[in-house]
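**Student:** Next one to model:
(one chain, ligands or ions: 1)
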Amino acid sequence: MTYADTTVIEHLAQSRNYRGWRTPDLVCEADNMRGQYEDIAACPFILEAETPTGCTQEEYIDDSLFYLRASIESILKEINRRETMQLSNVILGKSIIEAIKEKTGEQGLIDAISWYCQIETHHNIWKFKCTVHGDGHDRDASGVIYLKEIRWHCYGCNKGGDIFDAVMHFEHVPMSEAIKKLARYTGIDTRPFQPKPIPQAQGGVIV
Ligand SMILES: [Zn+2]
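**Tutor:** Numbering: from 1, shown residues only. The predicted model follows:
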């Protein structure tokens, strides 16, 4: 892994849209890594100031480069992981749903229910006042959020499910609308996958 690889990896991350996964986080990381390479190359006086006592400047540079290479490898690994996921999920809709579920998690479900209902928590039991049944007056908080399962249930409506079911239930919209809303919320791109070639000018070889 070298300085040039950061450019290639940044471009890889930019050009990939893994049906449900956007990669701006990886683009930022690659950019950040390149900046650190530039610091090491261009600012020896900064390094001198940063070098911890009991360590030579060369050792410090070696350590920094080791850290940078490890970071770049992890970015590349993540790109590959997302690519594998893309290939294994042929059905567009399924991939987006899985990506949204993975990104939102338990906090996302709490957030989504809080868009519609008042949430109460006591001894790590999460409940909410349902706004659907009983003309929206739910004094006893009939809804429960099961964080471990990342699911919810309203015992007044006798309805429940995952984050998509929550949006459909409380907004009275179909699944397609729930996907759109949650894709926007998570920053997940729902456009079809369109790979772009890596320009030769970007240079560098990933080892
Ligand atoms: Zn209800």
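**Student:** what about the helices in the protein?
**Tutor:** 3-15, 24-42, 44-50, 57-88, 92-114, 163-171, 175-186 (DSSP state H).
**Student:** Relative to the ion, which of those helices is closest?
**Tutor:** helix 163-171 (8.0 Å; C-beta to the ion). Where you see a C-beta, it was placed from the backbone N, CA and C, and this is true even at glycine.
**Student:** List the buried residues of the closest one.
**Tutor:** I163, F164, D165, A166, V167, M168, H169, F170 (16 or more other C-beta atoms under 10 Å).
**Student:** Export these as CSV, with columns for distance to L26.
**Tutor:** Converted to CSV, the buried residues of helix 163-171 look like this (distance: C-beta to C-beta, whole Å):
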residue, distance to L26
I163, 24
F164, 26
D165, 31
A166, 29
V167, 28
M168, 32
H169, 35
F170, 34
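**Student:** Which one, of the helices of the chain, ends up nearest to H153?
**Tutor:** Smallest distance to H153 across these (C-beta to C-beta): 9.8 Å, for helix 163-171.
**Student:** Helix 92-114 and that closest one, what's the angle between them?
**Tutor:** 50 degrees (axes from the mean of the first three to the mean of the last three C-alpha atoms, to 10 degrees).
**Student:** which outside residues touch helix 163-171?
**Tutor:** Contact with helix 163-171 is made by 97, 100-101, 104, 108-109, 112-113, 115-117, 131-132, 150, 152, 154, 157, 159, 161, 173-175, 177-179, 181-182, as judged by C-beta atoms under 8 Å, 6 or more residues apart in numbering.
**Student:** Just the buried ones from the residues you listed?
**Tutor:** For the contacts of helix 163-171, buried by 16+ other C-beta under 10 Å: 97, 100-101, 104, 108-109, 112-113, 116-117, 131-132, 150, 152, 154, 159, 178-179, 181-182.
**Student:** The nearest residue to T121 once chain neighbours are set aside: what's it in contact with?
**Tutor:** Spatial nearest neighbour of T121, chain neighbours left out: K127 (7.4 Å); criterion: C-beta to C-beta, 6 or more residues apart in numbering. Shown in contact with K127 (C-beta under 8 Å, 6+ apart): I119, E120, T121, A141, S142, G143, V144, I145.
**Student:** can you tell me which of the buried ones among the contacts of helix 163-171 are up against the ion?
**Tutor:** For the ion, the contacts drawn from the buried ones among the contacts of helix 163-171 by C-beta under 5 Å from the ion are V132, C154.
**Student:** Thank you, goodbye.
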